[in-house]
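Sequence and predicted model, in that order:
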Amino acid sequence: MSIKSGKTISGAVQELTFSRRATVVGGLQVGIGVLLAGRMAYISVAENERYQLLSESNRVNLTLVPPRRGWLIDRHGKPIANNKTDFRVDLIPDRMKDKKKTVATLAELLSLDQEAIDRINKELKQASSFQPVQVATGLDWESFAAVSVRLPDLPGVSPRQGFSRYYPTGPAIGHLVGYVGIASAEDYKANPDPILVTPGYKIGKDGLEKIFEDRLQGKPGAKRVEVTARGKIVRELDSRPDTPGKALQLTLDIDLQDYAARRLGPESGSVVVIDCKTGDILTMTSMPSFDPNSFSDGIGQTEYGMLRDDDHVPLRDKSLKGLFPPGSTIKPMVGLAFLEAGLSPDETVNCNGGLRVGNRVFRCWNRRGHGRVNMAKGIYQSCDVYFYHFAQKIGMNPIALMANRLGLGQEFPLPVASQFYGTVPDPQWKMKKYNKPWQAYDTVNATIGQGYMLASPLQLAVMAARIATGKSLMPNLLANTKRPPAKTLNIDPKHIAYIHDAMSEVVNGAGTAGRARLPLENVKLAGKTGTAQVVNLDHGRGGKDVAWKYRDHGLFVSFAPADNPRYAAAVVIEHGGGSGAAYPVARDVMTFLFDKEKAMNVLTDLEKGWGGTIAERMDQKMTAYRRKIGAEPVPTKAPKTPEGASPTTEAPTTGAQATETPTTELSD
């Protein structure tokens with residue numbers, strides 16, 4: 001019995017109270033047990049698939065395998081851009097614990113220089129958490145293995161073996177083909193595909209690589225691997241192979257492209273060659289250029305600075321975006337306009353070195369004069385006075401119309417990001433642009449390719465091809481495309497033949513480009529020289545004693561064979577000092593098309609005097625630039641193709657003057 005607050009509690013009452021409590025507690029326990037059992041049953045039965053997947057994800061990693069890009073090949077099936085086997089290391093920012101320590105460790109393992117370290121740190125700050133940052137590519141096996149064995153201590157580091165883009169001819173093709181690079185945050189925002197943030201995956205960033213991205217990119221594969229809790233790979237479970245992108249065949253002849261780039265040497269300029277039968281572009285070279293391999297591998301700040309600061313502007317495609325006064329190269333076109341307007345080719349004018357137009361005397365390039373000049377002599381000796389005189393009689397409109405028919409001022413339907421189409425001036429154009437009437441001196445200037453007249457090297461090559469064939473040839477870059485045959489220009493064949501003979505005389509007779517004769521039997525070159533004034537004659541015309549940016553441009557248009565044209569070409573040497581810098585290049589490039597061995601022998605000797613090949617001269621330039629800005633010496637580069645790998649392990653699925661010694665012969 002218990003006494004509490006003066007009341008007596010019997011044992012029976014106490015026993016009853018305990019039993020109630022026990023019943024309540026027991027009921028709660030049973031209820032909880034039932035709930036737990038029900039939850040376990042629900043998890044094991046109803047959500048079995050979900051938790052099985054979660055469990056599997058802790059044990060198995062599923063990763064995308066970047067697809068191999070489709071090859072770019074030339075007209076003969078030779079690679080322009082292919083893929084090489086590659087060992088690489090990337091960083092995944094959101095998986096890294098200590099970024100500074102990780103980068104320092106990788107720098108030690110891979111012997112990275114300070115510039116590479118700075119680039120990695122900068123990209124880590126700028127990259128989104130999911131965006132991979134490239135550390136190094138083209139690694140040898142030892143470096144790749146050194147990183148792989150340290151993975152448990154390097155979270156966020158992703159070493160991979162795969163394929164990377166490779167451009168066998170490097171700078172020779174840089175402007176046209178472009179390059180590939182890691183997708184940016186903007187790229188992912190526009191297309192949130194997981195493959196874009198997969199380490200090692202790159203997309204086209206410029207040129208044909210960008211324009212044909214959908215065709216070249218292919219479809220990714222996938223790989224399932226069993227891993228430990230720390231992410232170490234235990235074994236590969238299964239995989240699905242990638243589907244390579246489709247190959248893209250171009251009209252280019254990559255051997256000719258490489259030769260033309262090398263033959264330009266240290267000059268700044270362009271070479272364009274067109275097949276007169278089809279309009280196919282065989283080469284469209286612009287130098288100096290950049291190495292697309294450097295951009296695709298992740299170009300350093302110093303190398304980019306060297307390209308950016310170069311006064312020869314290696315980042316600009318001069319074939320498509322370089323606009324130059326065409327100079328006397330348009331005189332055959334003007335001659336055709338005269339003939340079409342009814343001027344007899346036998347009509348003459350006396351050239352005594354100049355012609356007064358209004359209150360100003362316009363000089364001929366030959367201050368001594370050419371004497372009595374007809375149309376043929378006006379072309380092959382490039383007499384300015386002849387064209388000054390008769391252009392005023394004929395007027396500018398017929399000349400402008402002929403220029404347009406021959407391709408000047410046109411934008412061609414090519415798969416390129418952009419092209420500049422220059423200016424073919426006429427009275428209506430001037431009134432619209434400047435609200436000023438056309439004057440006689442405008443006609444005189446335009447007639448010799450100066451004044452408002454501007455053209456690109458591609459347009460000049462098209463002009464040469466249309467004069468050569470009498471047809472409205474359109475330039476092509478894509479091979480095996482169905483296109484209608486070129487239409488006739490409806491120019492009298494006798495007029496075409498007359499201009500052909502005059503242009504042949506430029507090279508093979510008493511013309512201004514005797515040194516452009518081909519060193520071949522039975523193959524004659526027809527052409528026309530051109531010198532485009534940059535500044536005042538007294539200041540701009542000259543050789544090495546004149547600053548490079550003040551020298552005249554040198555131009556030359558041509559076709560061969562002269563009696564049955566197969567190839568047409570245009571060569572422009574920016575600030576070359578005159579046409580003497582251009583036509584030797586055209587001569588050697590045309591020689592290559594008919595006799596490669598002779599052309600290569602010439603090139604080998606020239607490169608010795610220039611300081612080596614393109615790659616060797618770029619290395620020398622880089623060394624000088626580093627010294628200039630006080631940067632540390634450039635480290636020895638690893639081979640472009642890693643040890644034990646081949647660049648062709650997979651097949652495609654469907655400023656200084658260095659020209660020859662200036663000539664003493666006639667020049668315009």
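Structure received. Numbering: from 1, shown residues only.

Please name every helix or strand in contact with the one helix or strand R39 maps to.
Under DSSP states H and E, the secondary-structure element containing R39 is helix 11-41. Using 3 or more CB pairs under 8 Å, 6 or more residues apart in numbering; DSSP states H and E as the contact test, no helix or strand touches helix 11-41. (C-beta placed from N, C-alpha, C; glycine too.)

Could you give the separation of it from the chain centroid?
Mean C-alpha position of helix 11-41 versus that of the full chain (CA atoms, centre = their mean, to the nearest Å) differs by 81 Å.

tell me the mean pLDDT for that helix?
For helix 11-41, mean pLDDT is 73.

Over to stretch 465-474?
97.

Which residues does it contact?
With contacts defined as CB atoms under 8 Å, 6 or more residues apart in numbering, stretch 465-474 is touched by 274, 276, 278-279, 332-333, 336, 405-407, 412-413, 462, 483, 486-489, 491, 493, 496, 499-500, 503, 526, 559, 565, 568.

would you put the C-alpha positions of it in PDB?
Presented in PDB, the C-alpha positions along stretch 465-474 are these (Å, rounded to 0.1, in the frame of the first residue of the first chain):
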ATOM      1  CA  ALA A 465      39.400  32.500-115.200                       C
ATOM      2  CA  ARG A 466      36.500  34.200-117.000                       C
ATOM      3  CA  ILE A 467      38.900  36.000-119.400                       C
ATOM      4  CA  ALA A 468      40.600  32.700-120.000                       C
ATOM      5  CA  THR A 469      37.400  30.800-120.800                       C
ATOM      6  CA  GLY A 470      34.900  33.400-122.000                       C
ATOM      7  CA  LYS A 471      32.500  31.700-119.500                       C
ATOM      8  CA  SER A 472      30.800  32.800-116.300                       C
ATOM      9  CA  LEU A 473      32.700  30.400-114.100                       C
ATOM     10  CA  MET A 474      31.700  30.300-110.500                       C
END
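
For it, buried residues please.
For stretch 465-474, a neighbour-count test (16 or more other CB atoms under 10 Å) marks 465-474 as buried.

what does stretch 310-329 give?
310, 312-314, 317-329.

Kindly report the same for stretch 74-81.
Within stretch 74-81, the residues that count as buried by 16+ other CB under 10 Å are 74-75, 79-81.

what's the span of it, first residue to last?
Chord length of stretch 74-81, first to last residue, is 10 Å (CA to CA, to the nearest Å).

Quick one: mean pLDDT over it.
Averaged across stretch 74-81, pLDDT comes to 96.

What is the nearest of the buried residues of stretch 74-81 to R215?
A81 (12.7 Å; CB to CB).

show me what contacts that closest one?
For A81, the contacting residues are 69, 71-72, 165-167, 173, 177, 209, 292, by CB under 8 Å, 6+ apart.

I'd like those residues written out as TSV, with neighbour count added.
Listed next are those as TSV, based on neighbours: other CB atoms under 10 Å:
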residue	neighbour count
R69	30
W71	25
L72	26
R165	25
Y166	22
Y167	27
I173	30
V177	24
E209	27
P292	29
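
Now, the residues you listed that are in helices?
Counting by DSSP state H, the contacts of A81 place 177, 209, 292 in helices.

For the closest residue to the second one other than its chain neighbours, grab the count of nearby residues.
What sits nearest to E209 in space, not counting adjacent residues and going by CB to CB, 6 or more residues apart in numbering, is G178, at 4.3 Å. Here the count is done by other CB atoms under 10 Å, and G178 has 25 residues near it.

For G178, which residues are in contact?
204-210, 292.

quick one: which of the residues you listed is nearest to D86?
The nearest one, if we look at the contacts of G178 relative to D86 and count by CB to CB, is P292, at 15.4 Å.

List the contacts of P168.
When contacts are taken as CB under 8 Å, 6+ apart, P168 is in contact with 79-80, 82, 254, 647.

and the gap between it and D255?
Noted for P168: a distance of 11 Å to D255, by CB to CB, to the nearest Å.

again, but for M463
25 Å.

Looking at those two, which is more packed in?
M463 (27 against 16).

Run a quick check on that one versus M333, I expect a contact.
Yes - between M463 and M333 a contact is recorded at 6.2 Å, counting by CB atoms under 8 Å.

which residues are in contact with both of these two?
By CB under 8 Å, 6+ apart, M463 and M333 have these common neighbours: 406, 408.

could you dump the contacts of A81 to CSV with distance to S344?
Below are the contacts of A81 laid out as CSV (distance: CB to CB, whole Å):
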residue, distance to S344
R69, 59
W71, 56
L72, 51
R165, 59
Y166, 59
Y167, 54
I173, 48
V177, 49
E209, 53
P292, 53
